[in-house]
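In: Sharing a sequence plus its predicted fold:
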Amino acid sequence: MKKFALAALVAALSMSTALPVSAQVANDDRTLALAALLDNNSFDRAQLMIANQIQFWQPVFDTLLVMEPDGSLKPNLVTEWAYNDTNSVLDLKLREGVTFTDGVALDAEAVKANLEYLKVGGGQNSYMAASIAQIEVISPTELRLHLGEPDPGLLEHLSVVGGAMASPATFGAESAATHPIGSGPYIYDTDASVAGRQYVYNRNPDYWNPEAYPFERVTITPINDAVARLNALKAGQVDAGLAEASMVADATSQGLVLNANDVNWIGLTLADRAGQVAPELADVRVRQAINMAFDKTSILQFFDLGFGRLDDQIFPTYSAAYDPELEARYPYDPEAARALLAEAGYGDGFTLTMPELASMANLNPIVEQQLADIGITVDWVAIAPNMTVPELRSGRYPAFLFQFGYQGDWAELRKFAFANSPWNTSAYQDAELDALVQQVQYASGDAQAALYQDINRYFVENAFFAPWYRRETIYLTNASVEVGMQAGNAVPFLRNYAPAN
């Protein structure tokens with residue numbers, strides 16, 4: 001599609017109406033006041049979430065390990081850890097003298113109870129403990145995790161939901177969803193908080209590492225409307241919150257500070273690589289042609305105002321799998337794309353069935369036009385908004401436009417690379433890829449990183465996806481707060497905030 005047509009589509013987009021913000025506890029110099037895109041789902045330890053909802057539980061539940069903004073792992077409640085030679089057993093040594101705010105000791109038995117409760121609790125992140133077959137308590141400060149098979153993502157999991165520690169007394173209790181008890185830097189103030197409006201946390205006077213959390217109080221106000229969040233920031237009701245690219249110029253002119261990182265990539269998933277629904281996609285040349293069909297530079301500029309980074313791989317720069325040589329593997333070249341289709345025997349083009357997602361309504365015309373430019377006709381099938389994920393995962397659609405986040409290298413393989421992976425929607429299996437995945441699972445260190453890069457190159461060269469770019473997450477703070485953006489997460493972790501100098 002021509003650039004002027006892209007601009008016209010963007011100009012037609014309407015801005016949401018601002019909503020009022022009501023706060024019960026006012027913002028002051030001792031308070032870190034955060035705006036959240038989504039409301040909290042639950043404080044039940046088995047139901048905890050990552051991404052936009054991780055900030056609700058981080059004040060209360062400390063984690064076994066901590067992840068720095070750059071993605072590196074550091075000791076926390078666990079002071080030492082070590083795998084055996086086959087990565088099938090993980091030994092953990094706990095910090096001494098830590099207690100939950102109900103007085104229960106945070107010892108090896110409590111950690112065991114937390115991991116077991118997460119594994120069987122039915123929450124979305126129960127997979128973070130799924131590889132643990134048995135937990136052996138060696139002493140009050142030592143435990144041994146026996147794994148059913150090596151889990152390269154386990155240590156990362158122990159820095160987020162997998163390692164969140166709640167008082168075992170809350171497990172199964174009806175009050176667990178609304179009255180969290182942890183050992184973290186803050187205590188949830190049930191009297192001052194109103195679910196859905198504002199969550200209030202006061203400093204835990206017995207926390208072992210108070211220097212890491214310099215604010216006396218934290219408040220989180222759910223504001224799902226972007227305009228309302230921006231207005232709350234301008235008014236000083238909150239110190240930080242997500243924004244949209246279209247708001248950056250206004251926000252920075254008002255003294256707000258732009259913080260950004262890339263967590264999500266947007267583009268096509270070419271799922272039917274065996275050609276079960278669309279026989280044409282079984283030919284790698286067809287998939288490569290689709291990669292060259294899109295004017296990604298113009299799409300990024302017109303739809304995200306340039307706040308993003310062009311890339312032809314699904315792994316971010318802070319991933320071990322990232323390879324800078326793959327960034328521009330497929331340049332925008334409709335002529336070369338048509339030549340590849342002709343070489344594959346589809347010089348007269350073909351029709352490709354795709355789901356028409358309401359969440360991508362402004363981008364669907366781009367997909368249709370630019371695929372048409374190389375001879376591919378899109379046959380859209382309308383999808384109900386509340387059925388988006390089930391429909392995409394049904395296997396009925398050989399290709400689809402969607403946005404995905406990043407939760408770690410092994411998590412990406414679990415998401416896409418196995419025959420039973422939730423987003424390998426056609427259950428595609430590839431013997432060469434299977435061998436690489438098995439090798440990376442049992443490797444470690446530099447050898448593992450090299451194998452991740454091999455898998456990434458395999459994805460790109462075989463055109464499993466047609467990425468457009470990595471969208472920058474736009475996060476605004478006022479002049480009183482500094483923050484480090486968190487690799488791999490939509491919003492910063494609570495440890496990343498500090499008063500501005």
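Out: On my side now, so go ahead.

In: so how far is Val481 from Leu233?
Out: 11 Å (C-beta to C-beta, to the nearest Å). Where C-beta positions appear, they are placed from N, C-alpha and C, glycine not excepted.

In: Settle it for me: which of these two has more neighbours?
Out: Leu233 (26 against 18; other C-beta atoms under 10 Å).

In: Would you enumerate the residues in contact with the more buried one?
Out: For Leu233, the contacting residues are Ala35, Asp239, Ala240, Gly241, Ala243, Ala251, Leu256, Leu476, Asn478, by C-beta atoms under 8 Å, 6 or more residues apart in numbering.

In: host element of it?
Out: Using DSSP states H and E, Leu233 sits within helix 226-235.

In: got any ranges where the stretch 201-350 of the chain has weak pLDDT?
Out: Residue ranges of the stretch 201-350 of the chain with pLDDT under 70: none are present.

In: re the thing from before, keeping just the C-alphas, turn the helix holding Leu233 into PDB.
Out: Extracted in PDB, the C-alpha atoms of helix 226-235 (Å, rounded to 0.1, in the frame of the first residue of the first chain):
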ATOM      1  CA  ALA A 226      -4.500   5.600  27.900                       C
ATOM      2  CA  VAL A 227      -5.800   9.200  27.900                       C
ATOM      3  CA  ALA A 228      -6.800   8.900  31.500                       C
ATOM      4  CA  ARG A 229      -3.400   7.500  32.400                       C
ATOM      5  CA  LEU A 230      -1.700  10.400  30.700                       C
ATOM      6  CA  ASN A 231      -3.900  12.900  32.500                       C
ATOM      7  CA  ALA A 232      -3.200  11.300  35.900                       C
ATOM      8  CA  LEU A 233       0.500  11.600  35.100                       C
ATOM      9  CA  LYS A 234       0.200  15.200  34.200                       C
ATOM     10  CA  ALA A 235      -1.800  15.900  37.300                       C
END
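
In: So which of the contacts of Leu233 is the closest to Arg273?
Out: For the contacts of Leu233, the minimum distance to Arg273 (C-beta to C-beta) is 37.3 Å, reached by Ala243.

In: Which neighbours do Leu233 and Val481 have in common?
Out: When contacts are counted by C-beta under 8 Å, 6+ apart, the set common to Leu233 and Val481 consists of Asp239, Ala240.

In: Neighbours of the residue nearest to Leu392 when sequence neighbours are not counted, how many?
Out: Take Leu392 and drop its neighbours on the chain: the residue closest to it by C-beta to C-beta, 6 or more residues apart in numbering is Phe400, 5.5 Å away. Residues lying near Phe400 (other C-beta under 10 Å) number 22.

In: doesn't Leu352 make contact with Phe400?
Out: No: between Phe400 and Leu352 there is no contact under C-beta atoms under 8 Å: 10.3 Å.

In: got any residues that touch both of those two?
Out: Common neighbours of Phe400 and Leu352 (C-beta under 8 Å, 6+ apart) do not exist.

In: Where do the strands of the stretch 151-300 of the chain begin and end?
Out: Assigned by DSSP state E, counting those that start in this stretch, the strands in the stretch 151-300 of the chain fall at 186-188, 199-203, 217-222, 240-243, 257-270.

In: Dump the ones you listed to JSON lines, plus distance to Glu156 and mean neighbour count.
Out: Below are the strands of the stretch 151-300 of the chain laid out as JSON lines (distance: least, C-beta to C-beta, whole Å; neighbours: other C-beta atoms under 10 Å):
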{"stretch": "strand 186-188", "distance to Glu156": "24", "mean neighbour count": "22"}
{"stretch": "strand 199-203", "distance to Glu156": "25", "mean neighbour count": "23"}
{"stretch": "strand 217-222", "distance to Glu156": "24", "mean neighbour count": "24"}
{"stretch": "strand 240-243", "distance to Glu156": "23", "mean neighbour count": "24"}
{"stretch": "strand 257-270", "distance to Glu156": "15", "mean neighbour count": "20"}
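
In: Mind putting these into TSV with distance to Asp283?
Out: Listed next are the strands of the stretch 151-300 of the chain as TSV, based on distance: least, C-beta to C-beta, whole Å:
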stretch	distance to Asp283
strand 186-188	56
strand 199-203	52
strand 217-222	47
strand 240-243	41
strand 257-270	11
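
In: which stretch among those comes nearest Tyr332?
Out: Short answer: strand 257-270, nearest of these by C-beta to C-beta, at 13.0 Å.

In: List the strands paired with that closest one, with their directions.
Out: Strand pairing for strand 257-270, using DSSP bridges, gives strand 399-404 (antiparallel), strand 465-477 (antiparallel).

In: Between these, which one is closest to Ala82.
Out: strand 399-404 (33.0 Å).

In: Any buried residues in the closest one, and which?
Out: By neighbour count on 16 or more other C-beta atoms under 10 Å, the buried set for strand 399-404 is Ala399, Phe400, Leu401, Phe402, Phe404.

In: how close does the first one sit to Arg457?
Out: Same thing as Ala399. From Ala399 across to Arg457, the span is 21 Å (C-beta to C-beta).

In: Going along the chain, name the helices of this structure.
Out: 3-11, 54-57, 108-120, 154-157, 226-235, 248-253, 284-291, 296-304, 334-343, 364-372, 388-392, 409-416, 431-442, 445-461 (DSSP state H).

In: if we can go back for a sec, and of the contacts of Leu233, the nearest to Leu494?
Out: Of all the contacts of Leu233, Leu494 sits closest to Ala240, with 11.1 Å by C-beta to C-beta.
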